[in-house]
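Novice: Any chance you can model this:
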Amino acid sequence: MTTTPDRKYWRTAIADPTPHEGTLVRGYDVLTDLVGKIDFGAMVYLLYKGELPKGNEAKIINAMFISVADHGISPSSTVTRFVQAAGVPIQCSVAAGAMMFGDVHGGAGEEFSRYIQELVSDAAASGRSYEDVATEYVAKHKRLDGFGHPQHPEGDPRGKRLFALAEEYGLAGDHIRMTRELEKALIKKKNRPLLANIDAAVGAIISDLGIDWRLARAFIVVPRTAGLFAHAFEESVREPGWRQITLDQVEYDGPARRTNDGPAI
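Specialist: Predicted structure coming up:
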């Protein structure tokens, strides 16, 4: 990368660690304007949106963070525990667990946020009803990210609670409304409960907050790291170390014993 004389190598509009004052975050002095005056949900909103919340945005962010902070033994916590058992620094095992969040585990909210924002925009541009747009979308796709959960076949209770809070806080908008229409269309198509899971709930809520879909995974990964630290610590103080899958759970299906009759090197 080359720079011009009037442009520095790095640019950021997020924070400025000033030499004589506290760090400025989005123009606010952390020590005098933020510490002791806002909670973590408001700080996250400020970081991602560039402004302090004007209503209940921080409350719903805190609710989302609490709802996903831990989910017991799951892919991410399992990996964290395996790595911690090897004796690495605790932040390394947490980082390993955090890297498990992808399209299958914990990361579907990104794709959901992208398409739910597109569907709401399409409905507004075309003047079609949300029901029609949702029904057409479900008909065109074999499966949708954000619906159903293997541990909650009757519906993810976390999603239900967060949607209820969004309504209570006056934050439920077009994206939650579209999500509900997708649920109805999926249930009709599949003839079984296939409700919005935590990824869809978070994705719909942050979309109603006006947050870019590319930040959706942050609302899972940021709070879940708190839970992963707890799992890493528990693993280090309660378990003997060197965690291993027992050999009776490993099936070898390669070639049978064979010999090498070639010349020696």
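
Novice: hey, where'd the helices end up in the stretch 151-265 of the chain?
Specialist: Assignment of helices within the stretch 151-265 of the chain using DSSP state H, counting those that start in this stretch yields the ranges 157-168, 174-190, 198-208, 218-238.

Novice: In TSV: the ones you listed, plus mean neighbour count.
Specialist: The way it works is simple: take the backbone N, C-alpha and C, and place the C-beta from them, glycine included. TSV is the format used below for the helices of the stretch 151-265 of the chain (neighbours: other CB atoms under 10 Å):
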stretch	mean neighbour count
helix 157-168	18
helix 174-190	20
helix 198-208	28
helix 218-238	19
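
Novice: can I get those in TSV with mean pLDDT and distance to G262?
Specialist: Putting these into TSV (pLDDT from 0 to 100; distance: least, CB to CB, whole Å) gives the following:
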stretch	mean pLDDT	distance to G262
helix 157-168	94	60
helix 174-190	94	57
helix 198-208	95	54
helix 218-238	97	46
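
Novice: Distance to A139 for the ones you listed - can I get that in a markdown table?
Specialist: Putting the helices of the stretch 151-265 of the chain into a markdown table (distance: least, CB to CB, whole Å) gives the following:
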| stretch | distance to A139 |
| --- | --- |
| helix 157-168 | 23 |
| helix 174-190 | 7 |
| helix 198-208 | 18 |
| helix 218-238 | 29 |
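
Novice: and V68, which of those helices is closest to it?
Specialist: Between V68 and the helices of the stretch 151-265 of the chain, the shortest separation by CB to CB is 5.2 Å, and it involves helix 218-238.

Novice: And the helices of the stretch 151-265 of the chain: which comes nearest S74?
Specialist: helix 218-238 (9.0 Å).

Novice: Could you quantify the relative orientation of the closest one and helix 198-208 as an angle?
Specialist: Computed by axes from the mean of the first three to the mean of the last three CA atoms, to 10 degrees, the angle separating helix 218-238 from helix 198-208 equals 140 degrees.

Novice: Look up the closest residue to the residue most central in space within the chain, ignoring the ones flanking it.
Specialist: By CA atoms, centre = their mean, the mean C-alpha position of the chain lies nearest to I220, the distance being 2.7 Å. Nearest residue to I220 in three dimensions, chain neighbours excluded: G106, at 5.0 Å (CB to CB, 6 or more residues apart in numbering).
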